[in-house]
Structure formats: structure tokens, C-alpha cells
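[1] Would you be able to build a 3D model of this:
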Amino acid sequence: MADERVDSEIVSQFLLNTCRLRPQLTHHAVQAAWCCARIATRHPDYDVEADLIPLTTGSVAEFYIEPMLPLVGDIDVMFYQNKMLAIPRGHPPPTELPAEFHNYVKVAEIIDSHLPGYVYLKLRYLLTYCPEDEKYNYVEYEEAYSEYSIKLDGIDHGPACLTVSDDPSLLSVDAVPCTRCLSWPSQAADWSTRHRNYDWPDSATVDRVVSNGCDVVQVAHRQCKQHEWMNDHQWRLSFSRAEIVLINGWMPVQQIVYHMLRVFMKAERLTDSADHSGTKILSNYYIKTLIWWECELKPRSWWTGGLNLVKLCVKLLYTLSVCLNDRRCQHYFINNCNLMDSTLNVGMVANELMSIDEKYLSLWFVENYIRKCTELCTDVDTNVNLQNCIRAMVNWRFANLLYDSQNANHQAFYHVATYASWFLLTLRSVTYLQNELEKMGESLTVYFTAVALLHASCRILRNDFSDELIDVVTSVLGHYFDVPRYHNRYSSVLSLSQAAKLMKVVANNSRSTVQLIEIELSKAYCDDSRSFNRSFSVQISEGTFLLRAVIRAVNQFC
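    Residues are numbered from 1 along each chain as shown. From the prediction side, this is the model:
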């Protein structure tokens, strides 16, 4: 690109015109779904009956824009076990819980520590599900502070477990264990009721955030890590569920500005700044918190007037520098919580941010962002002036929209087939994947059905047509267990119920290859209702008939 005066409006228009809406179907989203499905099949080492319930968080869940430069750096996942629950202190133990929870659930009260946002969990109750009245009863639990945490295979990365793949097309995965709290925490009670001049977030969003509750992550405050007891027992309130809702509710310009600030701060290593103890001073969470406050405290016109993204970034960096100098960055959800540790030396970073002006930041994005984007563009002449080069890149980006969409679909389909060959499908993983893939589009759901049926066919050939595989095939075909509570799969009542449900479907549908599978599955459930001796593969000539029906169904789906 030829040298010329860099205009912040040119840079802004480039970002506005090249940051398009992200398609629902991306290979990052597929990888996140499979990571969660794999976690959903795991059990804590100390309790094989407990299940893990995952949630995709971070950039994959938060952003709906797709800039030219990568937005997603890794896959972030949180997961909790279904035999443990946290409640605010003083709340009565719940009598009803979501269906994923176990029949036996330990309940811990959230106890404040001396540091806002950091708490302890004290076990108080043991819940026992009573199927007669479909409610939980409770007994007092011997009080003890909870210190357990679930670990997966991988590298410890703070409270997370980091997994790095040998496949360069796959992102690293940060999986964070937590304890679920279904109620909005009392520590953030003021958030839902405080006055908002510009109606952001609106009342419907506030209600949705509060209804999602929060999570509690086992990690101690940096000042408490040297204290043996606090380091083992301290937890931090996590509002990841609320963050996903709020960031998804941002206007595109707000998501783009957040992306710009993250790129700048990371490239300049400002989010890697550390004091003498090696602890990071800044993180992306400061930027995220800053934008939340500005969304609430500024009118919509502050963001949309003129749409000069560089100018907005400069103003936000100035505000952040003031926070650093004052050593005050108020937590967005917890009223009396200061994210800024007063013992940290942040003066150098604050001065650097204060010195950034519109001209400097515009030139920085040309040299460090737009120039990288030119490397992605083919048939674009970079020897012309900046404005013509940017116009050519915007046209190239638009012209490649269909190709990029097709490539994203291809990668997503490829990863579905690859993951299915790596991991053994179970009822839990299939159910989770179907729910997640349905959000990405019907075509991927149909493709997953075909792939899953093919893998089921291979297992049938190996005489592996077990209880679990019958449930997997049934679920793949879209027939789910209508069970109100965590249950023992192998019961004659449940098997007979599932057989009746399948036969009802068969009676209402026209004859097809899928119907043949449903008939054979119904026979299997009827057999199971009479006896727990599984011999279904023998009864239908070692599964050959069902295998042929499955293959015909696969051909029909494809």
C-alpha cells in the first residue's frame, strides 16, 4: 500500500465493511459442540455415577461477527457435575431441579469471603428425589467447606484444564470445572434493580440473565494463594452465562470495537503485562467490563453517531487509562467489587494508553491489521494508494462470501465425520450433539444422523448391539426418552414405554427404511421389558437385518 495520510474514517469503514455476520455453521462451533459432547460422557474419578454438564463459553459463544482476522483463539468450556449444587446463603433448599440433576444432590451455601466476588462453599443439605410426588426431599448435611474440583486430562491452566491438539486445524481447549448455582447470587442483587438511563440492557434481557443464575469456579484470589487453607477452599463467582447473553445483545459496532481493542491490547502485549510476582495486570475482562459500562452509561447515539470506530477505541482506551490511574475498575455485576488490585503497578500501562490518539491508532491498524488482511486477499494490488487498496479488499471479501460459506460448511462436515471416528458415541453425547447441531442448521443435523448410523452399523457388525447402542440409534432417529428425572436406564417399565412409543410412530408413518429400523428397535425394547439378558443381535441374525436397514436409511439421508 502506498504511503499517504491515514484517515481514521477509512480504517473504520474497512472494518465495518469486512466484519460480516458469522454464519451459524462454523468448524469452531462444531469443535466446541464435540468437546462438550465428549465431556458429557465423562465421570469424576471419585463418583462414576455423577455426570458432567458442559457449556460452551468464550468467543465461540459470545460473538456473532466474523472479521477477516481470526476472532476465536481457543475453545472455552465450563462444566459442572449433576450431583452438586450451590445456593445463596439463607435460601431454602430447592424441591425441584432441572432434569439433568441426579437423584441425590449435595447442596452447598455460598459464603462471602473478605474479598468481594470470592466466596466459600459450605455443604448444608443432601437432596433425595422422590418419584411419587416428583420433588426433592432434604436432610441436613454435616457441615463442611467444599474443596473438591473435577480435573480432566490435560495441562493445568489456572482453574482450567488446557488440551492442545496435534491437528493444526483444531484449536486448543480450555475446560473449567465449576459448581452450578441456579439462582442469581445475592452478591449481585443490585445489578438487576439499578437505574439505567438508556435502557441497556432492557428489562427482558435483565430477566433472562437473572433467570440463568451463575456458576462458582474453584480459584483463589491472588492475595490468598499463599494461604494454604484459602487456596484450597476459595471460589470465584462466575457470570459467564450472563456475559454470553449481554455480548450477543450488543450492536455489531460494539462487537467490532471489542474485537479491535482485544487485537490492539494483545498485539501490544498490554494484556500480558505482569508485576514482579508474575501475575497478569490486565486481561480481556477489563475491556469487556469497560464496554458493558459504556453501553449502560452512554446513549445508543454515542456508538452509532458517525460510526468512527477508531475514535470510539481511543475514547475507551482513555477511560481505561483513567481507571488504571485511579486503581478502580468496578465489577459490572458486583457493586462493591474492584477488579483492580491496589497493590499492582499499573502506571506504565496507564501512561501508554493515555498517549494514544486517533492518528496513532489509525496508523497502527493499517500497519498491523489491514496489512495482514492483504495477505489473505488474492488478486488485490497492494501497490496502489490506501483507499483504493481497501476498496479492492472490500470487493474481494464480498465476492468470496459464497466460497467462504461453502468452505465453512465443508470444514464443519469434515470435522463431524472426523470426531465421530475418534469418539465412541453414547446416548448422552448424541443427545447433546443433536441439540447443539440443530442450532447450526438442518443440513448438518441430517449429515450427523447419517454418520452416526454408519458408526452404529459398524458396531452392530462387531456384535456390539448393547443397551447403550440401542438407545443411541433410537436417539439418532429423533426418538428421545421422555423421562422426568435422572434415571436407571435398564428398567422393564422404561423399555416397554419406549417400545410403545416407537410402535406408535411406526403406525403413524408411511413405510420406509427408517420405519424398518424403528420396528426392530421396538422389538428390542419389548425383549428388554421381558428380560435383561441382551441377545438382540442373535435374535435378528447377529444384527444383519438391522444393519441393512441402517445402511438403507443412511443412503436415504444422504
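[2] C-alpha only now, for contacts and for neighbours.
    Noted.
[3] can you pull the contacts of the spatially closest residue to Gly158 that is not a sequence neighbour?
    Nearest residue to Gly158, sequence neighbours excluded (CA to CA, 6 or more residues apart in numbering): Val219, at 7.7 Å. By CA atoms under 8 Å, 6 or more residues apart in numbering, the residues touching Val219 are 158-159, 231, 234-236.
[4] all strands for the stretch 101-250 of the chain, in order.
    Assigned by DSSP state E, counting those that start in this stretch, the strands in the stretch 101-250 of the chain fall at 104-112, 118-130, 135-145, 155-157, 160-163, 173-181, 214-217, 235-238.
[5] Let me have the ones you listed in TSV, extended by mean neighbour count, mean pLDDT and distance to Leu317.
    Shown next, in TSV, are the strands of the stretch 101-250 of the chain (neighbours: other CA atoms under 10 Å; pLDDT from 0 to 100; distance: least, CA to CA, whole Å):
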stretch	mean neighbour count	mean pLDDT	distance to Leu317
strand 104-112	21	95	33
strand 118-130	22	95	28
strand 135-145	14	87	41
strand 155-157	13	71	28
strand 160-163	20	81	29
strand 173-181	24	94	28
strand 214-217	24	96	29
strand 235-238	23	96	25
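[6] okay, those in JSON lines with distance to Gln81 next?
    Listed next are those as JSON lines, based on distance: least, CA to CA, whole Å:
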{"stretch": "strand 104-112", "distance to Gln81": "10"}
{"stretch": "strand 118-130", "distance to Gln81": "15"}
{"stretch": "strand 135-145", "distance to Gln81": "17"}
{"stretch": "strand 155-157", "distance to Gln81": "19"}
{"stretch": "strand 160-163", "distance to Gln81": "15"}
{"stretch": "strand 173-181", "distance to Gln81": "7"}
{"stretch": "strand 214-217", "distance to Gln81": "12"}
{"stretch": "strand 235-238", "distance to Gln81": "16"}
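[7] Which one of those strands lies nearest to His259?
    Closest of those to His259 is strand 173-181, at 20.1 Å (criterion: CA to CA).
[8] Touching the closest one from outside, list them.
    Taking contacts as CA under 8 Å, 6+ apart, the residues outside strand 173-181 that touch it are 35, 74-81, 84-87, 149-151, 157, 159-164, 213-218.
[9] just the angle between that strand and strand 118-130, please?
    Angle, strand 173-181 to strand 118-130, by axes from the mean of the first three to the mean of the last three CA atoms, to 10 degrees: 70 degrees.
[10] Between strand 104-112 and strand 173-181, find me the angle.
    Orientation check (the same axes, to 10 degrees): strand 173-181 against strand 104-112 gives 90 degrees.
[11] Only the C-alpha atoms, please, for strand 173-181, written as PDB.
    The C-alpha trace of strand 173-181 is given here as PDB (Å, rounded to 0.1, in the frame of the first residue of the first chain):
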ATOM      1  CA  VAL A 173      -9.500 -26.300  24.500                       C
ATOM      2  CA  ASP A 174      -9.800 -24.600  28.000                       C
ATOM      3  CA  ALA A 175     -12.200 -26.600  30.100                       C
ATOM      4  CA  VAL A 176     -13.100 -25.100  33.500                       C
ATOM      5  CA  PRO A 177     -14.900 -27.100  36.200                       C
ATOM      6  CA  CYS A 178     -17.400 -25.300  38.300                       C
ATOM      7  CA  THR A 179     -20.400 -25.700  40.600                       C
ATOM      8  CA  ARG A 180     -23.800 -24.600  39.300                       C
ATOM      9  CA  CYS A 181     -26.000 -22.100  41.100                       C
END
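[12] Look up phi and psi at Thr474.
    Dihedral angles of Thr474 (phi, psi; degrees, to the nearest 10) stand at phi -60, psi -40.
[13] Can you tell me which helices and strands the longest helix anywhere in the chain packs against?
    The helix that spans the most residues within the chain, counting by DSSP state H, is helix 401-422. Here helix 401-422 touches helix 27-40, helix 442-461, going by 3 or more CA pairs under 8 Å, 6 or more residues apart in numbering; DSSP states H and E.
[14] For Leu316, which of the ones you listed is the nearest?
    Nearest of those (CA to CA): helix 27-40, 29.4 Å.
[15] Quick one: list the elements packing against the next helix-or-strand element following the closest one.
    Toward the C-terminus, helix 27-40 is succeeded by strand 52-57 as the next helix or strand (DSSP states H and E). When contacts are defined as 3+ CA pairs under 8 Å, 6+ apart, strand 52-57 sits against helix 27-40, strand 75-81, helix 240-248.
[16] so which of those comes closest to Thr474?
    Nearest of the helices and strands packed on strand 52-57 (CA to CA): helix 27-40, 17.5 Å.
[17] how is this protein carved up into domains?
    42-249, 434-557 (automatic domain parsing).
[18] Quickly, which of the ones you listed bottoms out on average pLDDT?
    Among the domains of the chain, domain 434-557 has the lowest mean pLDDT, at a mean of 62.
[19] Phi, psi for Leu21 please.
    In this entry, Leu21 is assigned phi and psi values of phi -70, psi 130 (degrees, to the nearest 10).
[20] and Arg371, which of the helices and strands packed on helix 401-422 is closest to it?
    So among the helices and strands packed on helix 401-422, helix 27-40 is nearest, using CA to CA, at 24.8 Å.
[21] what does that closest one contact?
    By CA under 8 Å, 6+ apart, the surrounding residues in contact with helix 27-40 are 51-56, 60, 72, 75-77, 79, 170-171, 173, 408-409, 411-412, 415-416, 419, 423, 428-430, 432-433, 436-437.
[22] buried set for stretch 299-312?
    303, 307-312 (16 or more other CA atoms under 10 Å).
[23] That one: end-to-end distance?
    13 Å (CA to CA, to the nearest Å).
[24] which of the contacts of helix 27-40 are buried?
    Among these, those classed as buried by neighbour count (16+ other CA under 10 Å) are 51-56, 60, 75-77, 79, 171, 173, 408-409, 411-412, 415-416, 419, 428-430, 432-433, 436-437.
[25] check which helix or strand covers Ser59.
    Ser59 belongs to helix 58-62, assigned by DSSP H and E.
[26] what residues does that helix touch?
    28-29, 32, 71-77, 240, 243-245, 247-248.
[27] In PyMOL, how would I select just the buried ones from these?
    Buried members of these, defined by 16+ other CA under 10 Å, are picked up in PyMOL with:
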select buried, resi 28+29+32+71+74+75+76+77+240+243+244+245+247
